[in-house]
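J.: Need a 3D model of the following:
(3 chains)
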Amino acid sequence: MLKATIEADIFRETIDAVSALVNECRLHVTESGIRTITVDTSNVAMVSLELEAGAFTTYAAEPAELGLDIEKIRSMMGMIGKSDIVALELDDSGKKLKISFGGYEYSITLLDTKTIRKDPNAPNLELPATFEISGAMFNDSIKAAAMVSDKISLSVNPDTKVFTLNAEGDSDRIKRELVGDDVHYITCAAARSLFSLDYLKDMGKSIGRADKVQIRLGNDHPVQFSFVYADGKGKIGYLLAPRIEAD
Amino acid sequence: MLKATIEADIFRETIDAVSALVNECRLHVTESGIRTITVDTSNVAMVSLELEAGAFTTYAAEPAELGLDIEKIRSMMGMIGKSDIVALELDDSGKKLKISFGGYEYSITLLDTKTIRKDPNAPNLELPATFEISGAMFNDSIKAAAMVSDKISLSVNPDTKVFTLNAEGDSDRIKRELVGDDVHYITCAAARSLFSLDYLKDMGKSIGRADKVQIRLGNDHPVQFSFVYADGKGKIGYLLAPRIEAD
Amino acid sequence: MLKATIEADIFRETIDAVSALVNECRLHVTESGIRTITVDTSNVAMVSLELEAGAFTTYAAEPAELGLDIEKIRSMMGMIGKSDIVALELDDSGKKLKISFGGYEYSITLLDTKTIRKDPNAPNLELPATFEISGAMFNDSIKAAAMVSDKISLSVNPDTKVFTLNAEGDSDRIKRELVGDDVHYITCAAARSLFSLDYLKDMGKSIGRADKVQIRLGNDHPVQFSFVYADGKGKIGYLLAPRIEAD
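T.: Prediction:
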């Protein structure tokens, strides 16, 4: 059972965060909120999302697992007004989700959860450097990097306390160094890994809306991004595997 | 003979209404105004338009039939400023139409009216339900429906007085119900027909600008849309054949 | 050696003016400013540009020739903020140009100037008509003309003092006549030449930003456009060969 209402903005951010990586997902519904964790088809990136019941305008639910065609829902998003309240309701058969907004009733058939791959286990990673930067600054840097290359190195220099984003193309390079007020270290340690910009661009759109994104970085290790939304009642995490350096 | 001036907005709405369905048309010019009636190439939709002499800023004409390449004129529309006055003048040979605006003189060769199919007769249809709704509400609903399907059913329930637009896709559905202040019935009777969204999307852009559109609906019958523009001095009508239900 | 800073707007206009015609150019740097002159790959159009040292916010340079990949620099332009100050610095090896703005450091490998064709000589042309019109008016006319044709005739009638832009399509034509306050003659003489709109559209974007463009026109001869930017401290010139009339 699920019967809830939510502000359009929070709904949109929820869908966008997940649709950045996957077309479908398994949504876990409980009395205390919703959550999902899923990896992209090539097993390179993972997204996890939690949204507390308190983030909804109204919320009533019993435990359930819903197979969502995220891509179809995202394509309807343009019809939802900025200040609309979106109503979600699982129909009695449990096979359709009704999404109502601004006079429209959108009904979508749920996917069989058996056809969706099992939830991945979030890996336990030792990542020496942990720090926070502005989400917009991160996203802008990713967009600039993508102009010259398809990969970017992220690195922390513990001596200078500089966080560097560096993308090298065939004949050009774009670099951004964040230091001082632009980067807040929780643990400042040497770290450097190379990542595919394709994935970072997709994640960047979601990250770009966050005031602050926490980044955990290692040496030739995955990178973790985490940030809150919905007034702190929602939590989004991305994990991205590194690229092999020599190419 | 034709020598007239018209506000850019009214000119644009005239061209857009016709170009939604056809690339060329036969324009009847008389002392009292202009009119056209034409069907699309697949004989599924009809548009009729009348614009009184009084809708023009200045107007002088003798009866004539002009073959217009509507599509070419529409493609020039982007050059016309919002507050321009557009001057129309048939040249002496009667073979070219001069359209002047904001310093430009655009001259277009008229089509031989013999090559344009004869004016269709507007069919006399018995359509039980007649009602008015907001043009913007209609267009928004059509755009939403087109996200999930290529066809839509329009129906009136005389018991609940609800006008329903319902589009079914393979695994999802979008529905909008208008009732109360959102729909004004002239005659409220049971009616339901299915239509192609391709045509409705094209008509919707024109209808969407109208304050009110009158809809006449039957059972597996064509639907009629009619609305006024140019301060009531212009009249546009669309007729659309139904789609076969079973598919 | 080159170490300079420049307002984003002036930098953008400089790059745009050259990239309208070519993908790469040879930039001459001297103590008193920068300049380039280059023809497009099909030898139909030429662009020349000069920017005085005084147009830069700061400027220090020793004579050098830089091979610039203009197209790559142009593609980065979207990342530069409207009110950014752009810093240019040739690195010590003289093989890379560092372009810094708003926290980014963009480094581009210079092209070997030996691989770039020699500077063309600006031809000495006798062009009877010389006059000035608004850059925006010129660009708008070019855009309108491109809707109906791929070529345009420019002509001056010394009797009526009208400057005419006339584009003929298969069945339509667009014409604009400038006279009176819209055209200021330095020498008003009979002139008429036909030009490819492809080139004029590219030049038009740059010309469109100029308050006034000076046009020099002959009979089946090239046309010259020249205008200033950067508060008069920059000068841009275009030269375009005529098209053969009969087609």
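
J.: For the helix or strand of chain A with the lowest mean pLDDT, which residues meet the burial criterion?
T.: The helix or strand of chain A with the lowest confidence, counting by mean pLDDT, DSSP states H and E, is helix A:70-76 at a mean of 92. Residues of helix A:70-76 classed as buried: A:70, A:72-74, A:76 (neighbour count, 16 or more other Cβ atoms under 10 Å in any protein chain shown). Any C-beta I mention is one placed from the backbone N, CA and C, and that applies to glycine too.

J.: which residues touch it?
T.: The list of residues contacting helix A:70-76 from outside it, by Cβ atoms under 8 Å, 6 or more residues apart in numbering or on different chains, reads A:15-16, A:18-19, A:22-25, A:99, A:106, A:108, B:144, B:147-148, B:171-172, B:174.

J.: one more time with 7 Å, if that's ok
T.: With contact meaning Cβ atoms under 7 Å, 6 or more residues apart in numbering or on different chains, helix A:70-76 is reached by A:15-16, A:18-19, A:22-25, A:106, A:108, B:147, B:172.

J.: What strand or helix carries the most centrally placed residue in chain A?
T.: Central residue check for chain A by Cα atoms, centre = their mean: the C-alpha nearest the mean position is that of A:Ala17, 4.1 Å away. In the assignment (DSSP states H and E), A:Ala17 maps to helix A:8-19.

J.: packing partners for the next helix or strand after that helix?
T.: Using DSSP H and E, the helix or strand that follows helix A:8-19 towards the C-terminus is strand A:24-30. Other helices and strands packing on strand A:24-30, by 3 or more Cβ pairs under 7 Å, 6 or more residues apart in numbering or on different chains; DSSP states H and E, are strand A:33-39, strand A:64-69.

J.: Around chain C, pick out the residues from chain A.
T.: The interface of chain A toward chain C, taken as Cβ under 7 Å from any Cβ of the partner chain, is made up of A:144, A:147, A:171-176.

J.: List only buried entries from the residues you listed.
T.: Of the members of these, the ones counted as buried by neighbours, 16+ other Cβ under 10 Å, are A:144, A:147, A:172-176.

J.: Which one of the residues you listed is nearest to chain B?
T.: A:Met147 (29.9 Å; Cβ to the nearest Cβ).

J.: Would you confirm that A:Leu194 contacts A:Leu154?
T.: No: taking Cβ atoms under 7 Å as the contact criterion, A:Leu194 and A:Leu154 are not neighbours in contact, 8.1 Å apart.

J.: Next up, phi/psi of the most far-flung residue of chain A relative to its centre, please.
T.: Within chain A, A:Ser171 marks the point farthest from the mean C-alpha position, 32.1 Å out by Cα atoms, centre = their mean. Torsion angles at A:Ser171 (phi, psi; degrees, to the nearest 10) stand at phi -130, psi 0.

J.: Name the nearest residue to it, sequence neighbours excluded.
T.: Here the nearest residue to A:Ser171 in space, its sequence neighbours aside, is C:Thr109; by Cβ to Cβ, 6 or more residues apart in numbering or on different chains that works out to 4.0 Å.

J.: same check, this time on A:Ile99
T.: For A:Ile99, ignoring the flanking residues on the chain, the nearest one in space by Cβ to Cβ, 6+ apart is A:Tyr106 at 4.5 Å.

J.: what's the helix or strand for that neighbour?
T.: Going by DSSP H and E, A:Tyr106 is part of strand A:104-109.

J.: can you list the weak-confidence ranges in chain A?
T.: Per-residue confidence for chain A (pLDDT under 70) gives these ranges: A:245-247.

J.: again, 50 this time
T.: Applying pLDDT under 50 to the predicted model, chain A contains no residue that meets it.

J.: how is it carved up into domains?
T.: Described in terms of automatic domain parsing, the domain architecture of chain A consists of the residue ranges A:2-113, A:129-240.

J.: Report the contact partners of A:Ala122.
T.: With contacts defined as Cβ under 7 Å, 6+ apart, the neighbours of A:Ala122 are A:37, A:48.

J.: what separates it from A:Ile37, distance-wise?
T.: 7 Å (Cβ to Cβ, to the nearest Å).

J.: got any residues that touch both of these two?
T.: Common neighbours of A:Ala122 and A:Ile37, using Cβ under 7 Å, 6+ apart, are A:Ser48.

J.: Where do the helices of chain A begin and end?
T.: Applying DSSP state H to chain A gives helices spanning A:8-19, A:70-76, A:135-145, A:197-207.
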